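Peer 1: Structure, please.
(one chain, ligands or ions: 1)
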Amino acid sequence: MITANDPSRTSWIPVPANSDFPIQNIPFGVFIPEDDIITTGTRIGDTAIDLSAMQQLGYFDEIELLGDTFLQDTLNDFISHGRPIWRAVRNRIAEVFDAKNPELRDNKEHCKKILFPVNKVQMLLPVYTQDYTDFYSSIEHATNVGTMFRDPNNALLPNWKHIPVGYHGRSSSIVISGEDIHRPKGQSLPKGESLPVFGPSKRVDFELEMAFITSEGKPLGQNIPIEEAEEHIFGMVLFNDWSARDLQAWEYVPLGPFLAKNFASSISPWVVLMDALEPYRTEGPKQDPTPFPYLQIDGKHNFDIDLEVAIKPESAEETTVCKSNFKYMYWNMSQQLAHHTINGCNINCGDMMGSGTISGPTPDSYGSMLELAWMGTKPLKMADGTERVFINDNDTVIMRGHCNNGKTRIGFGEVRSKLLPAL
Ligand code: CA
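Peer 2: Numbering: from 1, shown residues only. This next block holds a predicted model:
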């Protein structure tokens, strides 16, 4: 039973109106409290909660946790315990912080060791990621890109509706929200020229994505059947998969994206567990043609998550440029994971799987500047009067996401990163 999702529960920790982090969320992350050591933790309202302190003070004694599960610099140890333990810990946290429970609430000494204002802690990467895979699973995005670069009448390549297309990305350049990145340099082919030029990319773009984080799957050689896939998914984060469109266009033939995609991917710091997302399940788009049996699954496996992107120029207020939703994904996460392992490819605890750019059906729901400004032909107006076709130096890109089913609202906070000039 996921008792942590009880919509009627309130917490003795204050939760601001419209917070992404009511007691029904209980995400997991890694942080350093001021003058203290790194720890894993959770968050309610604007309070960061030190889970290693809670473990040491005996609050998890009834749960079979191995060693110092929470006194770690990543969540990987906790993730490796598996879904029943994730659920038990989340339920227990809900119980401890329930408004009616005096156990910790009335113990001021313990509170001092466990609770920190969230603005006084530094968030770090939540997991150690050995491998990062990026899918391409939004039919609207794939259609838009195919229309722009190939043929509007045959925008989708013949494989697209048969396989969840993906490629292996690079985990070393996954960075946490708040970490600034530099405009990449590289080769591109100017329009109408036959020889490439070298220099800073002129078309740096964001990609509005979400990523899921896996637990350890099956040994090499075995596959994860689609019905089991969600057992191997720990939770999700917001994911800005930075891209350099001009470098990409020149380099991607024949082996696909390389330096245009691996200079940075920014993630939000709090991992929202699949258990917390249970109340927001929804149907996916109808799939036609019917996929192969290994990709077929009944029930609701998409999630209704409102997403938005804002651009904040250096000295001006932010402008929202996109509103989309995770539910538009044509291929769901279960299908992605089943496909990823059908050849016997193994996955690791802490691996990250990007959804691919999440574009919706309307022009204001497109998940990249490439689509929003349609290859530079439809500049977007900022609140300060300036225009954007791609991302300018010193712009900050902010992505936010939340779910609201009328009973509860939980969210992911934000992923925010500034594009600095090329080094
Ligand atoms: Ca991507």
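Peer 1: Show me the helices in the stretch 201-350 of the chain, by range?
Peer 2: Under the criterion DSSP state H, counting those that start in this stretch, the stretch 201-350 of the chain carries helices at the ranges 245-251, 274-277, 333-341.
Peer 1: So which of those is the most surrounded?
Peer 2: The highest mean neighbour count among those, using mean count of other CB atoms under 10 Å, belongs to helix 333-341: a mean of 25. The C-beta positions use only the backbone N, C-alpha and C, and glycine is treated the same way.
Peer 1: Please name the nearest non-neighbouring residue to the residue of the stretch 51-200 of the chain found nearest the ion.
Peer 2: Going by CB to the ion, the ion is nearest to Asp134 of the stretch 51-200 of the chain, at 4.5 Å. Spatial nearest neighbour of Asp134, excluding adjacent residues (CB to CB, 6 or more residues apart in numbering): Gly354 at 4.1 Å.
Peer 1: do the same with Gln72
Peer 2: Per CB to CB, 6+ apart, closest to Gln72 is Thr40, 5.7 Å.
Peer 1: that older thread, dig out what the residue nearest to Asp134 forms beta bridges with.
Peer 2: Taking DSSP bridges, one obtains Asp134, Ala211 as the residues bridged to Gly354.
Peer 1: which phi and psi does Ile410 have?
Peer 2: Dihedral pair for Ile410: phi -130, psi 160, per degrees, to the nearest 10.
Peer 1: show me the contacts for it.
Peer 2: Asp20, Phe21, Pro22, Gln24, Asn25, Val272, Ala276, Leu277, His402, Cys403 (CB atoms under 8 Å, 6 or more residues apart in numbering).
Peer 1: can you list these in a markdown table and add pLDDT and distance to the ion?
Peer 2: Formatted as a markdown table, the contacts of Ile410 follow (pLDDT from 0 to 100; distance: CB to the ion, whole Å):
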| residue | pLDDT | distance to the ion |
| --- | --- | --- |
| Asp20 | 98 | 24 |
| Phe21 | 98 | 27 |
| Pro22 | 98 | 31 |
| Gln24 | 98 | 30 |
| Asn25 | 98 | 26 |
| Val272 | 99 | 20 |
| Ala276 | 98 | 25 |
| Leu277 | 98 | 21 |
| His402 | 98 | 22 |
| Cys403 | 98 | 22 |
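Peer 1: Which of those residues fall in strands?
Peer 2: With strands taken from DSSP state E, the overlap with the contacts of Ile410 comprises Val272, His402, Cys403.
Peer 1: one step back: am I right that the residue nearest to Asp134 is in contact with Ser243?
Peer 2: No - look at Gly354 against Ser243 with CB atoms under 8 Å: they stay out of range, at 11.4 Å.
Peer 1: For the protein, what lies in contact range of the ion?
Peer 2: Within the chain, the positions lying close to the ion (CB under 5 Å from the ion) are Asp134, Glu207, Asp241.
Peer 1: okay, now the second one: neighbour count?
Peer 2: In this case it means Glu207. By the measure other CB atoms under 10 Å, the count of residues near Glu207 is 26.
Peer 1: tell me the phi and psi of it?
Peer 2: Torsion angles, degrees, to the nearest 10, at Glu207: phi -130, psi 120.
Peer 1: ok, now how distant is it from Gly235?
Peer 2: Glu207 is 20 Å from Gly235, where distance means CB to CB, to the nearest Å.
Peer 1: And for the first one?
Peer 2: Spatial separation of Asp134 from Gly235 under the definition CB to CB is 18 Å.
Peer 1: now swap in Ile32 and tell me
Peer 2: Taking CB to CB, one finds Ile32 at 21 Å from Gly235.
Peer 1: Helix, strand, or coil at the residue nearest to Gln72?
Peer 2: Following DSSP: H, G, I helix; E, B strand; the rest coil, Thr40 is assigned to strand.
Peer 1: Let me know the pLDDT of it.
Peer 2: pLDDT recorded at Thr40 is 98.
Peer 1: Look up how far Leu75 lies from it.
Peer 2: Thr40 sits 6 Å away from Leu75, going by CB to CB.
Peer 1: Same check on Val145?
Peer 2: Distance from Val145 to Leu75, counting by CB to CB: 34 Å.
Peer 1: Thought Leu419 was touching Asp395, still the case?
Peer 2: Yes - applying CB under 8 Å, one finds Asp395 in contact with Leu419, separated by 5.5 Å.
Peer 1: what's the burial count for Asp151?
Peer 2: Neighbours of Asp151 (other CB under 10 Å): 8.
Peer 1: Ile2 too?
Peer 2: 15.
Peer 1: That one: what's it in contact with?
Peer 2: Shown in contact with Ile2 (CB under 8 Å, 6+ apart): Arg87, Arg90, Asn91, Asp275, Glu278.
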